[in-house]
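Colleague: The sequence and its predicted three-dimensional model are supplied below.
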Amino acid sequence: MTDFKKLSEEHLILLVKTTGDSAAFTELVIRYQHMLHAFLLRFTMNNALAEDLAQDSFIKTYQNITSFKQNSTFKTWLFSIGYREFLQYKKRSGIMNKILQVFSLNKTSVNDVDPSVNIDLENELLQLPEKERTAILLCDAYGMSHSEAAKVMAAPLGSVKTYVKRARELMNNSMGDNDEK
């Protein structure tokens, strides 16, 4: 029996691509499920919805793994699928503004994210325009390069750099205003 925990990501992907090995794919899911879920949770602010979107993302990833060309990291490819799932959900439901309104009325839902996360930071993230929020989360919270974030967002590299810069400026200005209060 193969110990999938000891295999590299590249070997796991190769196994899944060539044999459809579900146990190898399960190991990939284990390695990335928490990160993808946390990423999606920051957009949906709904744990169940984030879990559903993450699950849908993993299903699409498994179904399309043969198309993964390894021009980027698996994490980048997976996050781009997850982000597209979120955008499709948003299009279908048309409730992004409602989510933000509900969140602003129900501040306790911030505590569902992670008790150690600074609530002010979470509130500031929610105030950012979607593209800026996406870019800064991918680059600063999930450690992706600007080019990886550009692939996830299907946006030009220069635009992603601008989104990150603008997000940092907006958050710095806003957090600075809070310090003076």
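Modeller: Sure thing, it's come through.

Colleague: From here on, just use CA atoms for contacts and neighbour counts.
Modeller: OK.

Colleague: which secondary element of the protein has the worst mean pLDDT?
Modeller: helix 96-105 (a mean of 45; mean pLDDT, DSSP states H and E).

Colleague: In contact with the residue most central in space within the chain, which residues?
Modeller: By CA atoms, centre = their mean, the chain has its centre lying nearest to Phe39, at 3.2 Å. Shown in contact with Phe39 (CA atoms under 8 Å, 6 or more residues apart in numbering): Leu137.

Colleague: so where does it fall, helix or strand?
Modeller: Assigned by DSSP states H and E, Phe39 belongs to helix 22-44.

Colleague: Next SSE downstream of that helix?
Modeller: Following helix 22-44 in sequence, per DSSP H and E, is helix 47-63.

Colleague: And that next one, what's buried?
Modeller: By neighbour count with 16 or more other CA atoms under 10 Å, helix 47-63 contains the buried residues 47, 49-51, 53-58, 61-62.

Colleague: and what of stretch 24-44?
Modeller: 24-29, 32-33, 35-44.

Colleague: roughly how far out does that stretch sit from the chain middle?
Modeller: 8 Å (CA atoms, centre = their mean, to the nearest Å).

Colleague: Then stretch 128-139?
Modeller: Using CA atoms, centre = their mean, the offset of stretch 128-139 from its chain centre is 10 Å.

Colleague: Could you check how far the spatially closest residue to Ala23 that is not a sequence neighbour is from Thr26?
Modeller: Of all residues not flanking Ala23 in the chain, Phe4 sits nearest, at 7.7 Å (CA to CA, 6 or more residues apart in numbering). Distance from Phe4 to Thr26, counting by CA to CA, to the nearest Å: 9 Å.

Colleague: Give me the buried positions along stretch 83-97.
Modeller: Applying 16+ other CA under 10 Å to stretch 83-97 flags 83-86, 89, 96 as buried.
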